[in-house]
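Asks: with the sequence up front, the predicted model follows.
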Amino acid sequence: MEALSSGAPVVAFPQWGDQLINAKFLVDDFKVGVRLCRGLTENKLITRDEVEKCLMEATTGPKAAEMK
């Protein structure tokens with residue numbers, strides 16, 4: 001809620017439970033964030049390049065401006 005009220009973009013990293021639903025709403029419906037994959041849940045190692053890509057997408061460029 002703090003991120004939404006302050007206009008800060010969100011990098012969602014859902015792992016289980018309601019985090020998946022919250023990430024879906026933040027990214028797909030409210031369009032205020034980007035989603036990182038689910039990591040071990042998908043048997044996938046998240047590289048620093050993928051984290052950097054998501055952070056850059058959330059903080060710079062046209063998509064970041066739309067999220068604010």
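Replies: Arrived safely. Numbering: from 1, shown residues only.

Asks: check what pLDDT Val27 gets.
Replies: On pLDDT, Val27 comes in at 90.

Asks: now do Asp18
Replies: Per-residue confidence (pLDDT) for Asp18: 90.

Asks: repeat for Glu52
Replies: pLDDT, Glu52: 92.

Asks: name the helices or strands packed onto the helix or strand containing it?
Replies: Assigned by DSSP states H and E, Glu52 belongs to helix 48-59. Applying 3 or more Cβ pairs under 8 Å, 6 or more residues apart in numbering; DSSP states H and E, we find helix 48-59 packed against strand 10-12, strand 33-35, helix 61-67. For the C-beta atoms, the positions are set from N, CA and C on the backbone; glycine is no exception.

Asks: contacts only, for Ser5.
Replies: Ser5 makes no contacts at all, as judged by Cβ atoms under 8 Å, 6 or more residues apart in numbering.

Asks: pLDDT value on the residue lying closest to Glu66 once chain neighbours are set aside, please?
Replies: Distances taken as Cβ to Cβ, 6 or more residues apart in numbering put Lys31 closest to Glu66, at 6.7 Å, once the chain neighbours are dropped. In this model, Lys31 is scored at 89, pLDDT.

Asks: helix/strand/coil for Lys31?
Replies: State at Lys31, reduced to three classes by DSSP: H, G, I helix; E, B strand; the rest coil: coil.

Asks: gap between it and Lys63?
Replies: From Lys31 over to Lys63 the distance is 9 Å, taken as Cβ to Cβ, to the nearest Å.
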